[in-house]
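Participant: okay, structure incoming, though there's no sequence with it:
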Ligand code: PSV
Ligand code: MN
Ligand code: MN
């Protein structure tokens, strides 16, 4: 790839940020409050707009319903536009009500299954109002003990709810099915892995695709293989980016393992799936429990940019030649050369080309926004509260 093509690709890159990253969060032991956190969906969008203002590549904000429920979603869309961003994926939530103790769409009780499906369909109504193209489905459904419920019957119930939701989608809308190995269910999860998600999506049709949340695998899983496979099958719909040392840690992407992020982005570049119109959506799904939230999102966007820049710098011709020749060390060396490149000067130039400060973290810190919101906002919400 020529240097111009690399720069063009980096300028055109798009990363979606989650509304919930700006609220207070924590673990089951403690939710820490921070000064200035948003009290409303509008304030979350305003904070997200800061991330775009300083990086130039994050103009889309994901909503989570009901955490971001408002009376008038079209109006929220207009508000986002005034802030210089737009509303993206609508994330469903069938996991926080008492009713969902034994599951949502796979619950043995048909009344609760109907309630959960009602929520999924309502989220498509919201997409109609916001102009969103993607519905993200994550189910906490599963069981804690062997014998607790019938694994096969639960798959049938899941398939039924997915089919009903799929039917409701408009022509330009997709549903994205996210899998997760465990948690909150500890024995069996109804959508535990990419294979299960893929099989359901394949049956549903073209508008159903798989979401890879990078924190949702067993330790040691080769995530870039899953990326390559799903891309080849045209079934990779989106990423929830974050990083993890142990389980679903939701730490900043690229913090725990920048090399893994590079390997993932290399498969994206290899499949020409970086383009904003490729059908792959790159979203952050993170919680900033102890660090300030807006800078953490800016840092995360920069981490994705750095991994992407390195992936774009892989000498594809040299790599193919070494692979064809069976030159194991040569091929590995080509990849590592790209990974070992310091791409920060290149990214500074890309930002300057976009009319931005080359150092987004420092520029945000100087802007005074953090001090302003701390003074203006009292009683900020916990992420996932206010439903
Ligand atoms: C579940 O762990 C998950 O990754 C899903 O994407 C949820 O919607 C999200 O976290 C909530 O933060
Ligand atoms: Mn996720
Ligand atoms: Mn998660």
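Facilitator: It's in. Note that the structure is a prediction, hence the values are computed from the model and not measured. Ligands and ions are numbered 1, 2, ... in the order given.

Participant: when you work out contacts or count neighbours from here on, use the C-alpha atoms and nothing else.
Facilitator: Noted.

Participant: quick one, what contacts the closest residue to residue 281 other than its chain neighbours?
Facilitator: What sits nearest to residue 281 in space, not counting adjacent residues and going by CA to CA, 6 or more residues apart in numbering, is residue 238, at 4.3 Å. Residues near residue 238 by CA atoms under 8 Å, 6 or more residues apart in numbering: 176, 209-212, 279-283.

Participant: from those residues, keep the buried residues only.
Facilitator: Among the contacts of residue 238, the ones that count as buried by 16 or more other CA atoms under 10 Å are 176, 209-212, 279-283.

Participant: just the strands in this protein please.
Facilitator: Taking DSSP state E, the strands of the chain run over residues 16-18, 25-26, 31-32, 60-64, 86-91, 134-138, 142-143, 174-178, 188-189, 208-213, 236-241, 281-284.

Participant: is it possible to get JSON lines of the ones you listed that adds mean pLDDT?
Facilitator: Output for the strands of the chain, formatted as JSON lines (pLDDT from 0 to 100):
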{"stretch": "strand 16-18", "mean pLDDT": "98"}
{"stretch": "strand 25-26", "mean pLDDT": "94"}
{"stretch": "strand 31-32", "mean pLDDT": "94"}
{"stretch": "strand 60-64", "mean pLDDT": "98"}
{"stretch": "strand 86-91", "mean pLDDT": "98"}
{"stretch": "strand 134-138", "mean pLDDT": "98"}
{"stretch": "strand 142-143", "mean pLDDT": "98"}
{"stretch": "strand 174-178", "mean pLDDT": "98"}
{"stretch": "strand 188-189", "mean pLDDT": "98"}
{"stretch": "strand 208-213", "mean pLDDT": "99"}
{"stretch": "strand 236-241", "mean pLDDT": "98"}
{"stretch": "strand 281-284", "mean pLDDT": "98"}
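
Participant: nearest to residue 98, of those strands?
Facilitator: strand 142-143 (14.9 Å; CA to CA).

Participant: quick one: contacts for residue 216?
Facilitator: By CA under 8 Å, 6+ apart, residue 216 lies in contact with 179-182, 247-248.

Participant: out of those, who's nearest residue 137?
Facilitator: For the contacts of residue 216, the nearest to residue 137 is residue 179 (8.9 Å; CA to CA).

Participant: now the helices for the stretch 1-150 of the chain?
Facilitator: Assigned by DSSP state H, counting those that start in this stretch, the helices in the stretch 1-150 of the chain fall at 3-12, 41-55, 73-83, 110-130.

Participant: and these: which comes nearest residue 65?
Facilitator: Proximity to residue 65 (CA to CA) singles out helix 110-130 among these, at 7.3 Å.

Participant: list the buried residues in that closest one.
Facilitator: Result for helix 110-130 [16+ other CA under 10 Å]: buried residues 112-113, 116-117, 119-128, 130.

Participant: ok, so of the contacts of residue 238, who is nearest residue 30?
Facilitator: Nearest to residue 30 among those, counting by CA to CA, is residue 283 at 25.9 Å.
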